[in-house]
Structure formats: C-alpha cells, structure tokens
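S.K.: The following block contains a protein sequence and its predicted model.
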Amino acid sequence: MKEKVEEMRGILLSMKETTLAEIQKSVRTGTDASEGESGGDIYDQASSERDRELDLLLGDREREKLRSIDEALDRLVDGEYGVCEECEEEIPLGRLKVLPFARYCVRCKADIEKIQAQTRRFEEERVYREIAFTEEEEP
Ligand SMILES: [Zn+2]
C-alpha cells in the first residue's frame, strides 16, 4: 500500500507538471496575437497576475484536469486515495495507472457516465425544441 501511494504520487506529480506545461504553452500562443506591442514582459509580472492570466485563458478541460490531479494528491495525503467515492471499494491499481486521478471504480464510473449521457441528451433535446420553437413561423 505504501509503495502504491509513492508510485501514484510520482505519476500524479509528473502529470501535473505536464499539464502545467501544456497550459503555459497554450497561454503563450493565446497571447501572441494580441500582446505584440507590450514587448512580451507579461510573464515577468507578479505570479498572482500570471495566475489570473492562466485562469482566464485556461481551457475548462485543462483546468478540470489540474484540479483532479490536485484533489488526487490531497486524497493521497489523507489516505483516501484509490477508494471509489461511490461504493468505497478499492480501485484496482491497473485502473489508477491509466487514470491516476480516478475517483470511481469502473462500474460506478460507467453508471455515472450513463446518467450524464442521459442528462446531456435531455439538454440537447431541450435546445433543439427551443430552436424549433423560435423557427415556428417558417412555413
Ligand atoms: Zn465504485
């Protein structure tokens, strides 16, 4: 168990580094177009400034991933890591290596995704109905 924790901590930390690097890269390409005149000093400013910048430019997916990694690291510290939040069964190490910040076992995750897919479908249908409603005047 201790070895598993150490191994997963290493995987999570390197994953966090990669994600941060990706985010920084996307911030750079994102500002290139509009920041040409200010001389590119934007990265030397206070780190809070940069955090705000990151926050604005981060894709939801990357931000979500980073938060998942941080939460997984917190769970490692608390000794709650690797346990399914739904059924409280231990998540197999094989799954954790593929998805180090997994919070659910395969079975619970599948159930959750099924519900999410249903919700999404419902919302899509609702949007479609709204579009259909606004275009009602068409012959
Ligand atoms: Zn479960």
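M.R.: Yep, that arrived.
S.K.: So which bits of this protein are right by the ion?
M.R.: Residues of the chain found near the ion (C-beta under 5 Å from the ion) are 84, 86-87, 105, 108. Glycine gets a C-beta too; all of them are placed from N, C-alpha and C.
S.K.: rerun that using 8 Å as the cut-off
M.R.: Proximity of the chain to the ion is confined to 84-89, 91, 104-109 under the rule C-beta under 8 Å from the ion.
S.K.: and the helix or strand hosting residue 26, how far from the chain's centre?
M.R.: Residue 26 belongs to helix 2-32 when assigned by DSSP states H and E. Helix 2-32 has its average C-alpha position 11 Å from the chain's average C-alpha position, going by C-alpha atoms, centre = their mean, to the nearest Å.
S.K.: for stretch 105-122, same thing?
M.R.: Offset of stretch 105-122 from its chain centre (C-alpha atoms, centre = their mean): 17 Å.
S.K.: and after the helix or strand of the chain with the lowest mean pLDDT, which helix or strand comes next?
M.R.: The helix or strand of the chain with the poorest confidence is helix 47-57; it has a mean of 63 (mean pLDDT, DSSP states H and E). Downstream of helix 47-57, the next assigned helix or strand under DSSP H and E is helix 60-78.
S.K.: May I see the buried residues of that following helix?
M.R.: With burial defined by 16 or more other C-beta atoms under 10 Å, the residues of helix 60-78 counted as buried are 62, 65-66, 68-69, 72-73, 75-76.
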